[in-house]
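*Asks:* Starting from these lines, generate the structure:
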Amino acid sequence: MSWLLCAKRAVLSTFRCALAYPWQAALIVAVAACVWLYAGKQRAYDTIAKRDAEIVMLEQASKIATAAQIELNNQVTDKQTEIARLTDENETSRRDIADRSRAYAGRMSAQGYCRKANPTPEGGSPEGSNISSADAVVVTRSDFDILTGNTARLVDVKAWADRLIAEGLAVPVE
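*Replies:* Alright, predicted model coming up:
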């Protein structure tokens, strides 16, 4: 209760002084208002400075993020290009193996490689004219296709192993 009484006395004393000295009281009120406005203006300037610093920081972070995204996009593009190149190489390799296998099959077919049986043997030995070469092998078309597919897969595995060795991810077996 005593603080309330002190506050009441201070207000009455201030009011009496303001009535006794109106110009001085008005000057004190004006100075107090100026200090209060100046402090508010300084807080506004501080807020603006913080905002500007954050904007600069965000712009720098945006530039860094943009550069990182561009680099990532370039890496993805390079990887996709490499995958496309390897796929083309594998496809070319498979086609080359298939073409070579067909050509080999054509050269090594029973009709092209083995001699025709001669109904009237000249040497007197009927078996002699019907014998094919010792290294001739005749397989069915389905077996030949299986062998060609397996050869293409082995070539792919060999290419993959060579890439792993080139990238340092594997060690060649001696």
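*Asks:* In the protein, what helix or strand scores lowest on average pLDDT?
*Replies:* Least confident helix or strand, the chain: helix 110-113 with a mean of 56, by mean pLDDT, DSSP states H and E.
*Asks:* Toward the C-terminus, what is the element adjacent to it?
*Replies:* Using DSSP states H and E, the helix or strand that follows helix 110-113 in sequence is helix 141-166.
*Asks:* Quick one: distance of that next one to the chain centre.
*Replies:* Centroid separation for helix 141-166 versus its chain: 29 Å, with C-alpha atoms, centre = their mean, to the nearest Å.
*Asks:* Show me what it is packed against.
*Replies:* Applying 3 or more C-beta pairs under 8 Å, 6 or more residues apart in numbering; DSSP states H and E, one finds that helix 141-166 contacts helix 22-107. C-beta coordinates here come from the backbone N, C-alpha and C atoms, glycine included.
*Asks:* Where does pLDDT dip in the chain?
*Replies:* Along the chain, segments meeting pLDDT under 70 span 1, 107-136.
*Asks:* Need the residue closest to the centroid of it.
*Replies:* residue 76 (4.1 Å; C-alpha atoms, centre = their mean).
*Asks:* For residue 64, see how far away that one is.
*Replies:* Distance of residue 76 to residue 64, given as C-beta to C-beta, to the nearest Å: 19 Å.
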